[in-house]
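**Q** Below is the sequence, then the predicted model.
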Amino acid sequence: MATTDVTSPVTGSVWKLECKEGQQVSEDDVLMILESMKMEIPVTAAASGTVEGLTIAEGTAVDEDAVLCVIRS
């Protein structure tokens, strides 16, 4: 099984989660929306599979390139 890290493209905070641990997702599904400098940035799945390692919550501050979750396919 392959894993794909989903990383933050910017420093900001998690505005809204669109997925949950164990959820099946398809490539390009929106997993969460980050807020940075009053802009909303969607974070999408780079691969299809199951969301794992989702340890953040709405309102969590994240750094650029931080791993937000893993997709196992």
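**A** Great, that's in hand. Numbering: from 1, shown residues only.

**Q** Show me what stretch 34-41 is in contact with.
**A** 8, 9, 10, 11, 12, 13, 14, 15, 33, 42, 43, 62 (Cβ atoms under 8 Å, 6 or more residues apart in numbering). (C-beta placed from N, C-alpha, C; glycine too.)

**Q** for the third one, helix, strand, or coil?
**A** Following DSSP: H, G, I helix; E, B strand; the rest coil, the label given to residue 10 is coil.

**Q** That one is in contact with residue 64, isn't it?
**A** Yes - look at residue 10 against residue 64 with Cβ atoms under 8 Å: they come within range, at 5.5 Å.

**Q** So for those two, which sits in the more crowded spot?
**A** Comparing residue 10 with residue 64 by neighbour count (other Cβ atoms under 10 Å), the higher total belongs to residue 10, at 15 against 11.

**Q** so what's the residue lying closest to that one once chain neighbours are set aside bridging to?
**A** Ranked by Cβ to Cβ, 6 or more residues apart in numbering and with sequence neighbours excluded, the top spatial neighbour of residue 10 is residue 36, at 4.5 Å. Beta bridges link residue 36 to residue 39 when assigned by DSSP bridges.

**Q** Check what pLDDT residue 36 gets.
**A** You'll see residue 36 listed with a pLDDT of 97.

**Q** With residue 49 as the reference, measure out to it.
**A** As judged by Cβ to Cβ, to the nearest Å, residue 36 and residue 49 stand 26 Å apart.

**Q** ok, these two, which is more surrounded?
**A** residue 49 (20 against 16).

**Q** Report the contact partners of the more buried one.
**A** Going by Cβ under 8 Å, 6+ apart, the list of residues near residue 49 reads 2, 4, 24, 25, 71, 72, 73.

**Q** correct me, but the last one touches residue 4?
**A** Yes - at 7.0 Å, residue 73 and residue 4 qualify as touching, with contact defined as Cβ under 8 Å.

**Q** where does residue 19 land in three-state SS?
**A** Criterion first, three-state DSSP; result for residue 19: coil.
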